[in-house]
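Peer 1: coords please:
(one chain, ligands or ions: 2)
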Amino acid sequence: MNERDSESLAGFLRQMGYDEAASPDEATILLINTCCVRESAERKILGKLGELRKYKLADPDVIIGIGGCMVQQPGMSERIQKEYPYVDLVYGTHNLHQLPVMIEQCRSGQVVDVWNSEGEVVEDLPDRKVDGIKAHVTIMYGCNNFCSYCIVPYVRGRERSRTPKDIVREVTNLVAQGVKEVTLLGQNVNSYGKDLEPAINFAGLLLEVNKVEGLQRIRFTTSHPKDFDLELIQAMAKAAKVCEHIHLPVQAGSNRILEEMNRGYKREYYIDLIAKIREAMPNVALTTDLIVGFPGESDDDFEDTLDLLEKVRYDNAFTFLYSKRSGTPAAEMDEQISDEVKKSRFQRLLKLQNVISLEHNRALLGTTQEILVEGSSKNNKEMMSGRTRGNKIVVFPGSEEMIGRLINVKIEEARTWTLIGKEI
Ligand code: SAM
Ligand code: SF4
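Peer 2: Ligands and ions are numbered 1, 2, ... in the order given. Next comes the predicted model:
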C-alpha cells in the first residue's frame, strides 16, 4: 500500500513537471514516504531523515519532505519539527493528494499538515508510470479491525471502498499500458463493499475485474480469516484469471494469544477454514503472516504456533518479531517478551517453515506450471524469471522478448525459495 502511495506521489510530481533524479545529489525535492508497522521501519526512517540534512546544507532551496503512516501518529509531526527543523514539509496519510499545493506552499516556509480524519475516497489520483507487467490496485483504504498489536487503524483510518467502476477503469487503463497482472489491495479485502451502494462484495468485484480484456492474472491481498467466506472460493473458481493463491494471516496458533490479539477467530475455526479451502481448491497455495513474542506468549503458546504450522503446512510464511507500537492496547500489556526469547522463537519458526516450503516446492518437481514471465533473473541475464499461479518464483533459460507472456515451464529443480525449470 505504501508502494502504491509512492507511485501516486511520484505521479503528482510528474504532473508538476518534475522527473526522477538520477541520485539524491541531483534532486530538488527529497520526499520520504513512511511506514510505522514495526519500530525497525521507524528507526530507519529517522536515520534517513538525519542523512538528508547534508542536502539542505549544500543547497537551501532543496525541499525535504516526510509523510505517510509514521507522521500520522500522535506527537510525531511535533517531534520531527523539533528534532529535524530543516524539514520543509510534513504531512499524514489522508492528504497526500494535496502534495502539489503543499509543495508550492513550502517555498515560503515550513508546512506541517496532518489531518485527523480520513475524509472521502479521492479518485483523481495522477496516472502512474507503469514499470513492468505487474501493478497494485487499491480497492479499499483503512481498517476497522483494531488487532491489539497493530497501528494501521490509527494511521490509515476506517474502511472506505472504492467503487467497482473506478477500480475497473483503473485496471483497464493499466492493461492498455502493458500490465498483465494486478494485485487488488486492502487491509481486509473480505470486507470490501460493505460501505457501498448499490451493494457489492469482494467476490462480486473479482468477477467484474475478471472481465477486463487483455488482463491475464488477478491476485489480492490481504484476506482476514474471520471474514473469509466460501462465496469467495466459488468466485475464484469461476473467475479464470484469479490465481490460486490465498494469503491468510493467522498471526498465532494459540487461542489465548489470538484472543489477546483481538483477531476474532480461534485456531479450530482457522484450521477448519483451511480444510474447506483445500477441499474446494486442492492446488491452492497458502501463505500467512506470523508474529512471535506477543506480550505474554508462553513456551506453550509458541508450541501451539509451531503445531499450527505443521498442521496447515503453508507454502510460505512471513514471520515478524512483535514490535511494541505506542497507542495500541498490546503496548500496555504486562509481560513484554525479551528480545532474546523472541529471536530464538523466530529462528525455530523460520527453520520449520523452510523445511515445509522446500517440501511444497519439491512436490512440483516434474510438473508443468503456467508462468507469467516478469523479467530477467537478478543473478544471471540469460535466465528469465516469472511466477506460477501459486506465486512461486521460477527461473528458466530464455530471453527478454518473453516478458509479459504466459508460458509453460517444466520444473526440474526445487530450492527453498525458487524453482528452476525449462519452457516446454
Ligand atoms: N491487514 C493485514 C492482516 O490483518 O493480515 C495485514 C496488514 S499488517 C500491515 C502486515 C503484517 O504486519 C500483519 O499481518 C502482522 O503480522 C504484522 N504486524 C502488524 N503489527 C505488528 C507489530 N506491532 N509487530 C509485529 N508485526 C506486526
Ligand atoms: Fe492491522 Fe489487524 Fe487491520 Fe490487519 S486487520 S491492518 S493486522 S488491525
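
Peer 1: only C-alpha atoms for contact and neighbour calcs from this point on.
Peer 2: Noted.

Peer 1: Next, the buried residues of the longest helix seen in the chain.
Peer 2: Across the chain, the longest stretch assigned as helix under DSSP state H is helix 339-362. Buried positions in helix 339-362, judged by neighbour count with 16 or more other C-alpha atoms under 10 Å: 342, 345-346, 349-350, 353-354, 356-362.

Peer 1: Which pair of those spans the longest distance?
Peer 2: Pairwise distances across those (C-alpha to C-alpha) peak at 30.1 Å, for the pair Lys342 and Arg362.

Peer 1: Go ahead and confirm Gly253 touches Asp304.
Peer 2: Yes. Proximity of Gly253 to Asp304 meets the contact threshold set by C-alpha atoms under 8 Å, at 4.9 Å.

Peer 1: Counting neighbours, go ahead and name the busier of these two.
Peer 2: Ranked by neighbour count (other C-alpha atoms under 10 Å), Gly253 and Asp304 place Gly253 first, with 24 against 18.

Peer 1: Does the more buried one fall in a helix, a strand, or a coil region?
Peer 2: On the three-state scheme (DSSP: H, G, I helix; E, B strand; the rest coil), Gly253 is labelled coil.

Peer 1: Name the nearest residue to it, ignoring sequence neighbours.
Peer 2: In space, and not counting its chain neighbours, Gly253 is closest to Thr305: 3.8 Å by C-alpha to C-alpha, 6 or more residues apart in numbering.

Peer 1: measure that neighbour to ligand 1 for me?
Peer 2: Distance, Thr305 to ligand 1, by C-alpha to the nearest ligand atom, to the nearest Å: 13 Å.

Peer 1: and that residue, what is it in contact with?
Peer 2: Listed by C-alpha atoms under 8 Å, 6 or more residues apart in numbering, the contact set of Thr305 reads 252-254.

Peer 1: As TSV, those with pLDDT and distance to Ala285 would be great.
Peer 2: Below are those laid out as TSV (pLDDT from 0 to 100; distance: C-alpha to C-alpha, whole Å):
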residue	pLDDT	distance to Ala285
Ala252	98	19
Gly253	98	19
Ser254	98	23
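
Peer 1: I'd like the buried residues of helix 339-362 laid out as TSV, including distance to Val182 and pLDDT.
Peer 2: Formatted as TSV, the buried residues of helix 339-362 follow (distance: C-alpha to C-alpha, whole Å; pLDDT from 0 to 100):
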residue	distance to Val182	pLDDT
Lys342	35	97
Arg345	35	97
Phe346	32	97
Leu349	31	97
Leu350	29	97
Gln353	27	98
Asn354	28	97
Ile356	28	98
Ser357	25	97
Leu358	27	98
Glu359	28	97
His360	25	97
Asn361	24	97
Arg362	28	98
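
Peer 1: mind giving me JSON lines with those and columns for distance to Val122?
Peer 2: Shown next, in JSON lines, are the buried residues of helix 339-362 (distance: C-alpha to C-alpha, whole Å):
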{"residue": "Lys342", "distance to Val122": "40"}
{"residue": "Arg345", "distance to Val122": "43"}
{"residue": "Phe346", "distance to Val122": "40"}
{"residue": "Leu349", "distance to Val122": "41"}
{"residue": "Leu350", "distance to Val122": "40"}
{"residue": "Gln353", "distance to Val122": "40"}
{"residue": "Asn354", "distance to Val122": "42"}
{"residue": "Ile356", "distance to Val122": "43"}
{"residue": "Ser357", "distance to Val122": "40"}
{"residue": "Leu358", "distance to Val122": "43"}
{"residue": "Glu359", "distance to Val122": "45"}
{"residue": "His360", "distance to Val122": "42"}
{"residue": "Asn361", "distance to Val122": "42"}
{"residue": "Arg362", "distance to Val122": "46"}
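
Peer 1: out of those residues, who's near ligand 2?
Peer 2: Counting by C-alpha under 6 Å from any ligand atom, nothing from the buried residues of helix 339-362 sits close to ligand 2.

Peer 1: What is the burial count for Leu365?
Peer 2: Neighbours of Leu365 (other C-alpha under 10 Å): 16.

Peer 1: Oh, that last question was meant for Leu207, not what I typed.
Peer 2: Neighbours around Leu207, by other C-alpha under 10 Å: 17.

Peer 1: residues contacting the closest residue to it other than its chain neighbours?
Peer 2: With sequence-adjacent residues excluded and distances taken as C-alpha to C-alpha, 6+ apart, Leu207 is closest to Ala239, at 5.9 Å. Applying C-alpha under 8 Å, 6+ apart to Ala239 gives the contacts 206-207, 210.

Peer 1: Alright, that wraps it up for me.
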